[in-house]
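Engineer: whatever this is, show me its structure:
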Amino acid sequence: MTDNDATFSLITEHVKHLLATMSFSATVDCLKNKSDDQFNRLNIIIKVADQGSLLIGNDGATLNALEHVIRCVLRHKITDPVRVSVDVNGYRAERAQNLARFAEEVAQKATRDGQPIALKAMSPPDRRAIHTALAGRADIRTESLGEEPNRRVLIKPVSQI
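Structural biologist: Numbers count the residues shown, from 1 in each chain. A predicted model of the protein is given here:
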């Protein structure tokens, strides 16, 4: 993926057009950063004044579907490996913060009790938020278990490994 304004402008226009087709008026920003792996990460930030909750849906289900559609559209426009993340009105950022707090609480309970704790089934972005929140802890390990749509995170104290 090239680092030029034309690429970001093209992506922004495609996303705006998609949203306009869905009758949403929105501002769209594209931010790129290099992730830890071999992929570039493209964050698409959408701000909608009215009815943003319609783009988010229950537990982010509509947002996940929107992200999938945007990935499919961009797959034909971007040739380099890229991971696309879409956020509407800061929903994902706020959810990640809430999940990080929750993950810390569960990790404290797991270390206190010395027992692993399996969380409920979660979407891939939610599981990623849990793994990321606990990645810096030396006393905890996390792993994803199961198959979609029932994939969940297991939080284990190191003493259980």
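
Engineer: can you show me the CA trace of the helix or strand where L154 lies as PDB?
Structural biologist: Under the assignment given by DSSP states H and E, the secondary-structure element containing L154 is strand 152-157. Extracted in PDB, the C-alpha atoms of strand 152-157 (Å, rounded to 0.1, in the frame of the first residue of the first chain):
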ATOM      1  CA  ARG A 152     -13.900 -17.600  23.200                       C
ATOM      2  CA  VAL A 153     -10.900 -16.400  25.200                       C
ATOM      3  CA  LEU A 154      -9.400 -18.400  28.000                       C
ATOM      4  CA  ILE A 155      -7.500 -16.400  30.600                       C
ATOM      5  CA  LYS A 156      -5.000 -18.600  32.500                       C
ATOM      6  CA  PRO A 157      -2.700 -17.800  35.400                       C
END
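
Engineer: parallel or antiparallel, which strands does that strand pair with?
Structural biologist: Based on DSSP bridges, the strands next to strand 152-157 in the sheet, each with its direction, are strand 117-118 (antiparallel), strand 140-145 (antiparallel).

Engineer: list the contacts for the spatially most central residue of the chain?
Structural biologist: A centroid search over the chain (CA atoms, centre = their mean) returns P125, at 3.6 Å, as the residue closest to the centre. Shown in contact with P125 (CB atoms under 8 Å, 6 or more residues apart in numbering): 60, 64, 85, 92, 95-96. Using the backbone N, CA and C atoms, a C-beta is placed for each residue, glycine as well.

Engineer: I am finished for the moment; much appreciated.
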